[in-house]
Structures are given as structure tokens and as C-alpha cells.
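Student: sequence unknown, structure follows:
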């Protein structure tokens, strides 16, 4: 996916969100989804993924900015933990699913393993996340290393990554790493979680690093993984959405248009399973 494709996907998501009409269908507040962006990125880079999950699953989606992701990953995870706690308290949420793109996946993993004292985070899905470090981080660190503590933490073999991968996944939770087979920034081998309880690895063919955030195949896979959750309310919202009822947080009005056609459930075998770590 080149820069023009990324720009088109971003503009399309912005326009769709701007033109969507707010309906009477309410989102599932009991199990919101939190999205975390990558290094040097902002929450807006996940706007198209947010829209797909919000319309497809009928769940509330919250994009959390990381200030560019330049700060220490541990401190970022601590701040996100407070945001998750506040959202859960305000919404009466029973649990939260977190999707992290690139560096955001490391923040989400740190959040689940070490910062989620109230056990609010149920599952974490990471997209193109350098769980074993990133070879490109070494080149970038030579230029920006003094301005970004997180760059040093993403170097292969760093103390932070060693501690993070060895940390246990809480019982009842899981971390699913999704890599892109064409990802040159974080090759699949660097995005792979070690075999162990609660770890699972998937790879999307012909998807690069930016495609994991903008490509529809990545969006469908993330939605399918989250759709298989055990929450009856979420399944009820999904069934309602099939009849054309949508939730869109917009005060702008336009003529009502038909809802999406009913589609057969997507099979997970479109993504190649890399390792079979026990869940």
C-alpha cells in the first residue's frame, strides 16, 4: 500500500464519518473497543478501522492518542490504563478489548500484562507490532533516538521487550498478533509472539505495514476476531445492524440510505496461523 492509497483510505473514512446520519441504535457500552496508534502517528490513522468496527459490531470504539508515541512505553501504558478505567466507570463497562497498531500494540501488551490491575482488559489484538523489535527502529534511532525513549525500547533484544515477552498473560485473556507478510518495517518474524499461554500469531498475505491499519482485509480480520466474543449483547447488536440500523456519533443529518447487505461470516483461514501458542 503506497502513500496515495493511504491518503485515499483516510479521506474516504473522513467523508463517510462526516456524512453518516445518527440513528436511534445505541452502541454496546458494556464492552467497548479501545484503539491505540503507532509511533509518530495519531488516533486519526485508525479512523477507517474505527468506522468498520463501529458499524460492523455495533460497539463503542474509542481512539486514544499516545502523543506521537515518543514517550516511554511503560508510562504510556500506565496513562492508557487510567483512561480505560475512567471509560469503564463512566459507561459501566464489564470489559474492554484493545487493538494496538505498531507501537500501540506494545502499549496494549504492557497494559494487559502489567498495568491492568482491575482486570478490565479482556483481549488484545496487535497489528504489525514489533514484539521482537524492529530492524528499522535501529536506523531511526540513530537520528531520533535522543528525542524518543520508545525507539530504544523497540530495538531487537532490548531489556524492555525481553521483560514484556516473558510477562504472563492473565487468565481468561489473550493477545493475538497479526503480521503482514509484505511488511518491511516489522517483518512477520519480528511481530511474532513467543509460544505460550494466551499468545497467538496470525499473518495476512500481501499486506504491508500501512495496510494493517488501512486495508479492508485487516479490518475484516480484526472485526471477525472480536465478533467471536462470548457477549450476548454484542451479538444482539450485530443482528440489529444486519437490518440496516446503524450507530454513528454524528449530529449531521442527511437522507437515510439503506444499510449494508448481509454477508456470510468471514472465515479466519484467510489469515495464516504462524504459531499455535495455547490460548
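Tutor: Received it, and whenever you're ready, just let me know what you need. This one's a predicted model, so the numbers in the text were calculated from it and none came from an experiment.

Student: how much space between residue 167 and residue 94?
Tutor: 24 Å (CB to CB, to the nearest Å). The C-beta positions use only the backbone N, C-alpha and C, and glycine is treated the same way.

Student: Correction: the previous question concerned residue 48.
Tutor: Taken as CB to CB, the span from residue 48 to residue 94 is 27 Å.

Student: Neighbour count for the two, which is higher?
Tutor: With neighbours defined as other CB atoms under 10 Å, residue 48 and residue 94 compare such that residue 48 has more, 24 against 13.

Student: Touching, the more buried one and residue 219? I think so.
Tutor: Yes. At 7.1 Å, residue 48 counts as touching residue 219 under the criterion of CB atoms under 8 Å.

Student: which residues of the stretch 101-250 of the chain score low on pLDDT?
Tutor: Applying pLDDT under 70 to the stretch 101-250 of the chain flags residues 229-250.

Student: can you pull out the helices in it?
Tutor: Under the criterion DSSP state H, counting those that start in this stretch, the stretch 101-250 of the chain contains helices at 103-110, 135-144, 149-153, 159-166, 211-214, 216-227, 232-241.

Student: Now render those helices as a markdown table, adding distance to residue 53 and mean neighbour count.
Tutor: Shown next, in a markdown table, are these (distance: least, CB to CB, whole Å; neighbours: other CB atoms under 10 Å):
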| stretch | distance to residue 53 | mean neighbour count |
| --- | --- | --- |
| helix 103-110 | 15 | 30 |
| helix 135-144 | 28 | 15 |
| helix 149-153 | 25 | 20 |
| helix 159-166 | 25 | 15 |
| helix 211-214 | 13 | 26 |
| helix 216-227 | 6 | 19 |
| helix 232-241 | 11 | 15 |
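
Student: The longest helix anywhere in the chain: how far from the chain's middle?
Tutor: Criterion DSSP state H: the longest helix present in the chain is helix 73-91. The chain centre lies 15 Å from the centre of helix 73-91; the measure is CA atoms, centre = their mean, to the nearest Å.

Student: what comes into contact with it?
Tutor: For helix 73-91, contacts defined as CB atoms under 8 Å, 6 or more residues apart in numbering pick out 29-30, 32, 34, 36, 60, 62, 64, 66-67, 69, 93-94, 96, 98, 103, 106-108, 110-111, 114-118, 120-121, 150, 153, 160.

Student: Name the residue closest to the centre of the chain, please.
Tutor: In the chain, the residue lying closest to the centroid (CA atoms, centre = their mean) is residue 99, at 2.1 Å.
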